[in-house]
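Student: next comes the sequence, and after it the predicted model I'd like to discuss.
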Amino acid sequence: MTSGIKNMSKDAILKVEHLSMKFGGLMAINDLSFEAKRGEITALIGPNGAGKTTVFNCITGFYKPTMGMITMTQKSGKEFLLERLSDFEIPKKAKVARTFQNIRLFSGLTVLENLLVAQHNTLMKASGYTILGLLGLPAYKKAEEKSIENARYWLEKAELIDRADDPAGDLPYGAQRRLEIARAMCTGPELLCLDEPAAGLNPRESLALNTLLNGIRDDVGTSIMLIEHDMSVVMEISDHVVVLEYGQKISDGTPAHVQNDPKVIAAYLGVEDEELDEAISDVEAIAGGNV
């Protein structure tokens with residue numbers, strides 16, 4: 001793959017500026033601003049109901065923000081205001097891919113076929129949107145071979161090549177998670193958004209997930225944003241962490257900075273500001289002062 005990816009400049013691939021999202025009288029997101037750097041893994045964390053999935057839905061076009069700007073900048077320098085694009089334009093034009101909390105595979109198709117479905121638009125374009133593909137013309141055959149090669153590459157990365165011809169529904173849960181990520185990568189995104197990719201995984205499956213995500217960042221150079229409740233995953237692989245509580249940002253920085261931020265400790269313990277000092281003392285006592 002491309003060399004020198006680890007040394008690429010850390011400009012912002014995504015800028016979220018003064019984002020607000022209101023549902024009736026409920027302000028789910030309130031004046032949120034943060035950046036995700038190119039070539040990094042950015043984690044969006046917070047207690048249940050903090051607004052994390054709402055932010056993802058705004059980024060990927062499922063919701064139109066009440067206020068604010070979301071700017072995606074591709075490697076070419078081309079910029080897209082995501083709040084102005086429809087949900088199907090965001091992956092196609094801005095090159096943003098997403099997975100969901102609930103696995104959405106085609107369980108009756110094979111593992112390989114799931115990755116080929118993700119490249120449907122490329123194959124349709126090669127067919128001229130007609131029956132040219134059925135005629136086996138050289139241009140279509142070349143595109144088909146390239147799609148299969150791309151699918152096999154991602155099956156190797158996801159450690160699923162030996163299951164290529166098995167129905168996707170027969171895979172263990174952790175393997176299905178990796179297949180879903182591999183399928184998203186077959187679309188060639190510059191930004192990959194993952195909604196709780198480690199949910200329900202055992203330690204061995206979490207390790208395989210971490211290996212896959214680190215490879216996507218380090219070997220391919222794709223930037224990743226993830227929502228995650230598994231703090232062992234977040235702290236192990238993230239370069240940058242943004243913490244939400246009640247739709248507002250309470251911390252933003254490296255995993256080490258966030259892990260030691262008193263506001264974050266209080267949010268996860270569910271205490272009020274006036275109880276913060278006592279909560280921090282309790283945490284320090286439990287952890288032997290190493291929080």
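Tutor: That came through fine. Numbers count the residues shown, from 1 in each chain.

Student: any buried residues in the longest helix seen in the chain, and which?
Tutor: In the chain, taking DSSP state H as the definition, the longest helix is helix 138-157. Within helix 138-157, the residues scored as buried using 16 or more other CB atoms under 10 Å are 140, 143, 144, 147, 150, 151, 153, 154, 155, 157. From N, CA and C alone the C-beta is placed, and that goes for glycine too.

Student: repeat for stretch 193-212
Tutor: Within stretch 193-212, the residues scored as buried using 16+ other CB under 10 Å are 193-199, 201, 205-206, 208-210, 212.

Student: same question, stretch 221-237
Tutor: 221-228, 230-231, 233-234, 237.

Student: do the same with stretch 95-107
Tutor: Buried residues in stretch 95-107 (16+ other CB under 10 Å): 95, 96, 97, 98, 99, 103, 105.

Student: which members of the residues you listed define the maximum pairwise distance?
Tutor: 95 and 103 (22.7 Å; CB to CB).

Student: leaving out chain neighbours, which residue sits closest to residue 177?
Tutor: Spatially, and ignoring its direct neighbours in sequence, residue 177 is nearest to residue 197 (5.9 Å; CB to CB, 6 or more residues apart in numbering).

Student: OK, contacts around residue 97?
Tutor: 91, 184, 185, 187, 189, 191, 192, 193 (CB atoms under 8 Å, 6 or more residues apart in numbering).

Student: which members of the residues you listed occur in strands, if any?
Tutor: Those of these mapping onto strands are 191, 192, 193, per DSSP state E.

Student: and of the residues you listed, the nearest to residue 164?
Tutor: Closest to residue 164 out of the ones in strands among the contacts of residue 97 is residue 192 (21.8 Å), distances taken as CB to CB.

Student: what is that closest one paired to in the beta sheet?
Tutor: Beta-bridge partners of residue 192, counted by DSSP bridges, are residue 97, residue 224.

Student: residue 210 and residue 238, how far apart?
Tutor: Using CB to CB, to the nearest Å, one gets 10 Å for the distance from residue 210 to residue 238.

Student: sorry, wrong one. I was asking about residue 230.
Tutor: Counting by CB to CB, the gap from residue 230 to residue 238 is 11 Å.

Student: then residue 99?
Tutor: 17 Å.

Student: ok, now residue 175?
Tutor: Taking CB to CB, one finds residue 175 at 23 Å from residue 238.

Student: what about the helices in the stretch 151-291 of the chain?
Tutor: Using DSSP state H, counting those that start in this stretch, the helices of the stretch 151-291 of the chain run over 173-185, 203-215, 231-237, 255-259, 262-269, 276-287.

Student: before we move on, back to that, nearest to residue 85 among the buried residues of stretch 95-107?
Tutor: Residue 85 lies nearest to residue 96 out of the buried residues of stretch 95-107, by CB to CB, at 9.3 Å.

Student: between the two ends of stretch 75-92, how far is it?
Tutor: 15 Å (CA to CA, to the nearest Å).

Student: next, the buried residues of stretch 154-169.
Tutor: In stretch 154-169, counting by 16+ other CB under 10 Å, buried: 154, 155, 157, 158, 160, 163, 164, 167, 168.

Student: actually, stretch 60-72.
Tutor: So for stretch 60-72, counting by 16+ other CB under 10 Å, buried means 60, 61, 63, 65, 68, 70, 71, 72.

Student: what about it, start to end distance?
Tutor: 11 Å.

Student: that one: how far from the chain's middle?
Tutor: On the basis of CA atoms, centre = their mean, to the nearest Å, stretch 60-72 sits 16 Å off its chain's mean C-alpha point.

Student: pLDDT on that stretch, on average?
Tutor: For stretch 60-72, the mean pLDDT works out to 97.

Student: I'd like the distance between the residue nearest the centre of the chain and residue 13.
Tutor: A centroid search over the chain (CA atoms, centre = their mean) returns residue 193, at 2.1 Å, as the residue closest to the centre. Separation of residue 193 from residue 13 (CB to CB): 11 Å.
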